[in-house]
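Engineer: coords please:
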Amino acid sequence: MTTEINGQANNTEAAIYNISVGSVLSGIGAVLNKEPGEETGKVLLKGMAQGAIGGYLVYESKILIGKIAKQEKLDYGWPAKIVNSAGISIIENAASNRNFWDQWNLNIGFNRIEFHTKGSFAIKYKILPAAFVLNTYSAIGNKFELESSLKTGEFIFSGNSYYNSDVTSFTGVTIGTSIIIEPGQLKNYDLISHELIHVYQYQDFNVFNTYVNSPLKALESNSKFFNEANNWLHYDFNFFIKRPLYMAEHFRVDTSTRAGYNKNFFEQEASYYSNL
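Structural biologist: This next block holds a predicted model:
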């Protein structure tokens, strides 16, 4: 027996989903990162309110990605990325129990640029280690598509080499924050929109990284190695959350057919914002 889990059917449902996810997960994170003496209720409400704002921006960014398919041009790539980065940053700030304007982050593939606005302004560069490994893997045997990557702000490759490339229906795949497109599909804007949503889904789970803020601070204070590493690395544990959930969806549905494959919730959402 399988349970039917449907993706968004219209913009209202899509907005509610993203706002709810941003709000609930931010509220949980805010309580986990609560300072001693702070009232739990106030921290929870503040986190949820800020997370809802961030979730709405995430929704709007996905709508912009959908315009790539509708207008058949990549010009919406960077506007979508900026809006998405703002939304994810607000959610991360909320879950970290910070004011929503304290830090803004821009993730480009495995690169993370942090803009710290609390106190003196500072810019920091960090590497996302999981995304780096996945990006390196995606590059092996495939061609880096510079123009498409520059226009979308994501790492896009063309080729047929990846861990499941024996699938006969392969046209494109997203591996972490990297996209591999079959060479003949580079002008398939529906497909590119679909895969970009998968990248944004990776960022959706970024909020879970804030749940381990306290343990990471303890490691940093007790270990010279982690103290130095934290200056250059932002641990993207979200990969280890998103990937198992995606595979759990695959086990839930019948992936032997395209119709069954498309019942995966993550595929449904990606299809909603594209024409696939």
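Engineer: residue 158 bridge partners, please.
Structural biologist: residue 143, residue 181 (DSSP bridges).
Engineer: name the element residue 196 belongs to?
Structural biologist: helix 189-204 (DSSP states H and E).
Engineer: same thing with residue 124?
Structural biologist: Using DSSP H and E, residue 124 maps to strand 122-127.
Engineer: list the buried residues in that strand.
Structural biologist: For strand 122-127, burial by neighbour count (16 or more other Cβ atoms under 10 Å) applies to 126-127. Any C-beta I mention is one placed from the backbone N, CA and C, and that applies to glycine too.
Engineer: helices or strands up against it?
Structural biologist: Contact analysis of strand 122-127 by 3 or more Cβ pairs under 8 Å, 6 or more residues apart in numbering; DSSP states H and E lists strand 111-116 as its packing neighbours.
Engineer: residues contacting the strand it packs on, please?
Structural biologist: Residues outside strand 111-116 that contact it (Cβ atoms under 8 Å, 6 or more residues apart in numbering): 102-107, 121-128, 234.
Engineer: at 7 Å instead, please
Structural biologist: Contact partners of strand 111-116, identified using Cβ atoms under 7 Å, 6 or more residues apart in numbering, comprise 103-106, 122-128, 234.
Engineer: output the below-cut-off pLDDT ranges for the stretch 151-276 of the chain.
Structural biologist: For the stretch 151-276 of the chain, the stretches with pLDDT under 70 are 163-170, 255-258, 276.
Engineer: in it, which spans are strands?
Structural biologist: For the stretch 151-276 of the chain, applying DSSP state E, counting those that start in this stretch gives strands covering 155-158, 172-175, 178-181.
Engineer: any idea which of those strands is most buried?
Structural biologist: Stretch with highest mean neighbour count among those: strand 178-181 (a mean of 27; mean count of other Cβ atoms under 10 Å).
Engineer: after the longest helix belonging to the chain, next one along is what?
Structural biologist: Using DSSP state H, we find that the single longest helix of the chain is helix 40-71. Heading C-terminal from helix 40-71, the first helix or strand you meet, by DSSP H and E, is helix 77-95.
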